[in-house]
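# mind looking at a prediction? Sequence and model below.
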Amino acid sequence: MAATDVRTPRRVMGLYDKPMWESIDAREMKLQRCTGCGTFQYPPGPGCHACLSMELEWIPVSGRATILSWVVFHRQYLPAYPAPYNSIAVRLEEGPIMISNLEGETPSGTWIGERVKLVYVTMPDGVILPRFELDR
Amino acid sequence: MTSGLVTSGLATRQAGAGRHPNPRIRRAAAVVGVGHSDWVGDWARTRAGEKPTDACGYGMQAFNAALKDSGIDRSIIDGLIVGPTTAYERMGELLGINPRWGDQSDAVMSVLQAVMAIESGFADVVALVYGNDQRSVGTQYGGPDAMGGNAFLSYVYHAPWGLTSQGALYALTLQAYKHAHGFTERDLGEVAVAQRGWSSLNPNAIMRERITVDDYMASRYVCEPLHLFDYCLINDGGVALIIAEADIARRISSKPVYIEAAGRSDLNHGATSLEPRLTDFYLPAQQAVAQQVFDMAGMGPKDMDVFQVYDSFSVHVPLALEGYGYCAVGDAGKFLRESGVGPGGKLPTNTGGGHLSETYMQGWAHQIECVRQLRGECGDRQVADCRNVHYSSDVAGKAVSIIYSR
């Protein structure tokens, strides 16, 4: 099987996910921000969980984040992710937590607390994913 | 011990008063019958490629055993709750029960809902029936079509980044928890070792060979930092309980086991992005439900003879020890090493061997282990003079607890 035949696991595409993924495809990831209280939220949704306002706008994120947790899969569950591979949870500077992967160099010892920055990675099947690399 | 815990915030609550605002369900109902299928025999048969029966068949086997155990006639059952793995109507059809009240729910909520239905007068005698053929049908709890993925949005939402299994979510929790509290992999290994210690004494357990912490450390990672021994089994089987209104229970049973207290508290804020499990380790929900159940029972952790924890992954156990006040927050590693949760330990925990070693019945087998310990029917693994047993689950931030008492 050629690498290009391996599909990236599909995105959950609810009504409010589409603008986010369009912004990722444009390499300028945006998240919803409440025009009332200013809270950023992820995943996107119909209204603000903090104040229940339904007036939200799409704002580019800074791409700065900190690693909250990390794991390394030693078993393969998905054709696009041969083991070993990592997944990380990051706290975006704007507040929300996001799951992603750490690209490139990995820290020695724990990864928790490491500062990372957003990068856009093109998967073999052409899908663009927001990932992170160490910000040093 | 209740003062100082997180409160529900209700204005009518008196902090530390030790009294639940609505204690009506306390001892309103009791378990009068328990039963299960042949987990050990069916494990061997399914591993050999056989298909002993289907999910409904396992449920029927368990129901027949529970009915026999209770000594009642099927005709007095007027409530039916069926587990989430089988169709409610089909199971009711097979069991020949036309109840005046029915529902479909998971293990711990089924017990709560049976008690609520009984206390509300909707039913007097409720059968709870669960069957699952997850091993023989090859149910996947990880991967693109992971069971429960849509129910818990969190582990399909992160699929583009390769994070799709329940185990991976708990591995993320463990990694953050280790970092926050100096907890180690060897500390976590104490859980798997303790539960295998219990299962070695349990003829109903599938995995009975004792292991050491060194065995644990030498086992392969599935999703690092979780080892193979941190994961639940996947096996076929069934479990059933019969719960009756308290006065009826006393008439029909010589050893009713009462539902002494029950409570629930959920953390939904940030659920999809995993915030409650990564930053609070679900402790606020567990602390809130601990206050509810211990207040309702008029007891505290020190009064519990056995602790049962829903353990799809071993990491549930240290979090529950801290969340329910069996040790201080941050001290679970020390508690596991020094007090112990295995045979001979200070707090017997998951005395059947739990999901890791006995059988993975999604919390249902834990309920009948609670009952059997209180009846004194556990043979080599019996905890002496067992009077109160605490069950807890914290699946995806929904913390639910039951205290069973004689």
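Perfect, I can see it now.
# switch to C-alpha atoms for all contacts and neighbour counts from now on
Will do.
# contacts only, for B:K398.
The neighbours of B:K398, taking C-alpha atoms under 8 Å, 6 or more residues apart in numbering or on different chains as the test, are B:R264, B:S265, B:D266, B:L267, B:A285.
# try it again at 6 Å.
B:D266 (C-alpha atoms under 6 Å, 6 or more residues apart in numbering or on different chains).
# give me phi/psi at it?
Dihedral pair for B:K398: phi -100, psi 100, per degrees, to the nearest 10.
# so what's it bridging to?
B:D266, B:V395 (DSSP bridges).
# and B:D214, that's in a helix?
Yes: according to DSSP: H, G, I helix; E, B strand; the rest coil, B:D214 belongs to a helix.
# what does chain A put close to chain B?
A:9, A:12, A:69-75, A:77-78, A:97-98, A:100 (C-alpha under 6 Å from any C-alpha of the partner chain).
# what's the neighbour count on B:I248?
A total of 16 residues lie near B:I248 under the criterion other C-alpha atoms under 10 Å in any protein chain shown.
# in the host helix or strand of it, what's buried?
Per DSSP states H and E, B:I248 falls inside helix B:246-252. For helix B:246-252, the neighbour count (16 or more other C-alpha atoms under 10 Å in any protein chain shown) marks B:A246, B:I248, B:A249, B:R250 as buried.
# just the residues you listed now: which is nearest chain A?
B:A246 (42.8 Å; C-alpha to the nearest C-alpha).
# pLDDT score for the closest one?
Per-residue confidence (pLDDT) for B:A246: 98.
# how close does it get to B:I259?
Here the distance between B:A246 and B:I259 works out to 9 Å (C-alpha to C-alpha, to the nearest Å).
# what do the two both touch?
The overlap between the contact sets of B:A246 and B:I259 (C-alpha under 6 Å, 6+ apart) consists of B:A30.
# burial check on residue 125, number of neighbours?
As the question left the chain open, I've gone with chain A. Quick note: A:D125 (other C-alpha under 10 Å) scores 13 neighbours.
# you answered for a different chain; I wanted chain B.
Neighbour count for B:V125, taken as other C-alpha under 10 Å: 28.
# so which of the residues of chain A next to chain B belong to strands?
A:S69, A:W70, A:V71, A:V72, A:F73, A:I97, A:M98, A:S100 (DSSP state E).
# only whichever of the residues you listed are buried, select them in PyMOL.
Of those, the buried ones go into a single PyMOL selection, burial set by 16+ other C-alpha under 10 Å:
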select buried, chain A and resi 69+70+71+72+73+97+98+100
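# widest-spaced pair of the ones in strands among the residues of chain A next to chain B?
A:F73 and A:I97 (20.2 Å; C-alpha to C-alpha).
# which stretches of the stretch 1-150 of chain B aren't confidently modelled?
B:1-21, B:143-150 (pLDDT under 70).
# all helices for it, in order.
All helices of the stretch 1-150 of chain B, identified by DSSP state H, counting those that start in this stretch, fall at B:39-47, B:55-70, B:88-95, B:107-120.
# helices and strands around the second one, which ones?
Helix B:55-70 makes packing contacts with strand B:29-36, strand B:125-132, strand B:237-245 when contacts are defined by 3 or more C-alpha pairs under 6 Å, 6 or more residues apart in numbering or on different chains; DSSP states H and E.
# try 10 Å this time
strand B:29-36, helix B:88-95, strand B:125-132, strand B:237-245 (3 or more C-alpha pairs under 10 Å, 6 or more residues apart in numbering or on different chains; DSSP states H and E).
# list the buried residues in stretch B:205-214.
Using 16+ other C-alpha under 10 Å as the test for burial, stretch B:205-214 gives B:A205, B:I206, B:M207, B:R208, B:R210, B:I211, B:V213.
# for A:C48, the count of nearby residues, please.
Applying other C-alpha under 10 Å, we find 22 residues neighbouring A:C48.
# over to B:V317?
Here the number of neighbours of B:V317 (other C-alpha under 10 Å) works out to 26.
# does the helix or strand containing it reach chain A?
Assessed by DSSP H and E, B:V317 sits inside helix B:316-323. No: against chain A, helix B:316-323 shows no contacts by C-alpha under 10 Å from any C-alpha of the partner chain, the least distance being 16.6 Å.
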